[in-house]
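Undergrad: Fold the following.
(chains A and B)
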Amino acid sequence: MSEKTRIYLQPWPIRIWHWINASGIIILILSGAQIRFPETLSIFSSYKSAIEVHNTAGIIVAISFSFWFFYYKMVKNTLDKLYIPDEEDIKHGLVRQLLYYCFWYFLGRPSPYHATPDHKFNPMQKSAYLAVMFVLMPLVGLTGILLLNVTPLRVLVLMWGGIKVIVALHFLLACSLLAFLCTHVYLATLGDYIKPMLIGWEDVEEHEEVEPAPEVVIPGYRPVRHYPEYERALLEQRHS
Amino acid sequence: MKPADLQKMSLLAKLALCAWALAGLIAQANAWGFSYGDQTANNQVCLSCHGKTGEVPKGTYIDPQRFTQTAHANLGCEACHATVPANHPDGNKVPKADCRECHSGISEEYARGLHASKTSCNGCHNPHLVQNPKDVSGQEINMICSNCHNSLEMTAKHGEWLPQSELHLRMLPCITCHTGARDYYISMYIVKSKGDSRFGKREVAEYDELKTMAGGRPIVSLIDTNRDNYVSLEELRVFNRTQTSLHLYGMMTPATVSHKFEILDSRRNCSFCHTSGSGPMQTSFIAVPEADGTFLRVPVEKGAVLDALYAAPDFYMMGSTKNAKLNQIGLAIICCGLIMPVGHGFVRFLTRKNRKQKEHQS
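TA: I've put the predicted structure just below:
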């Protein structure tokens, strides 16, 4: 027997941050594309308005990024736990999640990972978000701030190798973010990810009876921490 | 003697007297340099006093080297100061020419412009120094404007609508946007870091510095390596690659300058410049400083300017100087991001029955 229960997965500050960030990044991509290719794109009324929109959206996203860091690091104190993959994730979790996306999903098998408020991300999400939130976003933000203040920060601009190096870096980082965005949005449609980000709650099936450990059906399968199977394997170990 | 002979002699004597008087007058005039002929020699007469700082009041000093380079020097001093009294200097001011006598078209245009009520021609142009815009750097042109228009105030005023106003005002002559011109060209000039520091402020390289760097050869050979008085794109690239302390800057300058100084609304459209292959940026010159304070203009391959300027580490023009290879790399990165939605999505669609069966079973 099982029944549906609801867990509060995404607290409201994170939901607000996520959607400000999402809309901000989309506006940045559109306006940035017009700034780079003014002869072919005219999404915003004029080149100047594209620049103004880009600058404003950039500042908003930079502030929202700082808020995200502050919230997880200082308020919730769960930044490291949520975003830095641990040993188990690297050893087994990543491969397992990759296998799920590439094979098991197509065979109709359930996801090997269930989100909890303390462990919201699967190992692949953790690795991707680590790269995005700790490398891509800070770098794109910093290069953007430098480009916004070319004259006052001229010495810093030259230290980075000159304005064209910064522009190239900013552009390639933005392309990488767009590539991530495509994958991110697509993968969100594979599971129940969109609803919790909108309302905060996720419906999960909770099993009332303790069922016996399921048979290991996949060759090379090993239980991984944070997964229900791992808890059961630990219990079995203690009993034996 | 017959009275008739006496009359003839008297006439001849009068004629001789007149001829002598005329010769004397001409000789006197030539001594002051007030006649047409070899103007350089005639000008020297005036400059023998006015070209020396200690001998004349400060306001009447004329830099002989720079005056010689002006078009006015070819006309000679007397063309504008025609009625200098013979007893000059007598403490009285010498008469000045009215610019309208020669520049009537410009004067009429100027009279209809914004500056007419503010100042006369002399307010901006010193007739003893004045040069064609093509013979001076953009920074020098702006120095004339900044005599009245405080640069900080102008930066703030432009900043109300112009992003990166300080950068724009530093990189453009004011007349680019404030004079109506049909054609523009990019005037490139050589800059050097202040104090040879990597982060030093870029300043227009002086003739003496460049002469030393050229090692005895003409300065232009630093860029125009084959000395054919034409700079190819390849020569610009080699210069950008090999010269670590020297850089090229570019300023868009109107080919013919109008004198109305209007506020051109079309310049508020950023894509006038910030578009790839922007029309006004196809023709360019490199201004190489000369010993006499002027610049030698060397033509550059058509359309090469943006590509060449892109190589300068401190120069970038959004939308205009983008790198095609970077665009391709960026596109490849975006395509990598589409592998998952397209590839996985396709297999997902093909295997949708598997998931429906499992749901049904559970």
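Undergrad: Quick check: nearest residue in space to residue B:287, chain neighbours excluded?
TA: residue B:295 (3.8 Å; Cβ to Cβ, 6 or more residues apart in numbering or on different chains). For glycine as for every other residue, the C-beta is placed from the backbone atoms N, C-alpha and C.
Undergrad: residues near the residue in chain B that chain A sits nearest to, how many?
TA: Closest residue of chain B to chain A, Cβ to the nearest Cβ: residue B:337 (2.5 Å). Neighbours of residue B:337 under the rule other Cβ atoms under 10 Å in any protein chain shown: 20.
Undergrad: The residue nearest to residue B:287 contacts residue B:189, doesn't it?
TA: Yes - between residue B:295 and residue B:189 there is a contact under Cβ atoms under 8 Å: 7.5 Å.
Undergrad: Give me the contacts around the helix or strand hosting the residue of chain B closest to chain A.
TA: Residue B:337 belongs to helix B:324-339 when assigned by DSSP states H and E. For helix B:324-339, the surrounding residues in contact (Cβ atoms under 8 Å, 6 or more residues apart in numbering or on different chains) are A:36, A:168, A:171-172, A:174-176, A:178-183.
Undergrad: With distance to residue B:130, neighbour count and pLDDT as new columns, can the residues you listed be given to me in CSV?
TA: Below are the contacts of helix B:324-339 laid out as CSV (distance: Cβ to Cβ, whole Å; neighbours: other Cβ atoms under 10 Å in any protein chain shown; pLDDT from 0 to 100):
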residue, distance to residue B:130, neighbour count, pLDDT
A:36, 42, 21, 90
A:168, 43, 20, 90
A:171, 45, 22, 94
A:172, 49, 17, 94
A:174, 49, 23, 95
A:175, 51, 23, 95
A:176, 55, 21, 94
A:178, 54, 20, 94
A:179, 58, 20, 94
A:180, 59, 19, 92
A:181, 58, 17, 92
A:182, 61, 18, 92
A:183, 64, 17, 89
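Undergrad: Tell me the one of those nearest residue A:57?
TA: Of all those, residue A:174 has the smallest distance to residue A:57: 12.1 Å, by Cβ to Cβ.
Undergrad: what are the phi and psi angles of the closest one?
TA: The phi/psi pair for residue A:174 (degrees, to the nearest 10) reads phi -70, psi -40.
Undergrad: Please name the residues that touch it.
TA: Counted by Cβ under 8 Å, 6+ apart, residue A:174 has contacts A:28, A:29, A:32, A:140, B:330.
Undergrad: So which of those belong to helices?
TA: Among those, the ones falling in helices (DSSP state H) are A:28, A:29, A:32, A:140, B:330.
Undergrad: Now the buried members of those residues.
TA: With burial judged by 16 or more other Cβ atoms under 10 Å in any protein chain shown, the buried subset of the ones in helices among the contacts of residue A:174 is A:28, A:29, A:32, A:140, B:330.
Undergrad: Out of those, which is nearest to residue B:179?
TA: Checking these against residue B:179 with Cβ to Cβ, the nearest one is residue A:32 at 33.3 Å.
Undergrad: How about the contacts made by the closest one?
TA: Contacts here follow Cβ under 8 Å, 6+ apart; on that basis residue A:32 touches A:54, A:171, A:174.
Undergrad: which residues of chain A fall in helices?
TA: A:12-36, A:47-70, A:79-83, A:87-88, A:94-99, A:105-107, A:123-131, A:137-148, A:154-159, A:163-188, A:194-199, A:228-239.
Undergrad: Least confident of the ones you listed, on average?
TA: Here the lowest mean pLDDT among these goes to helix A:228-239, at a mean of 70.
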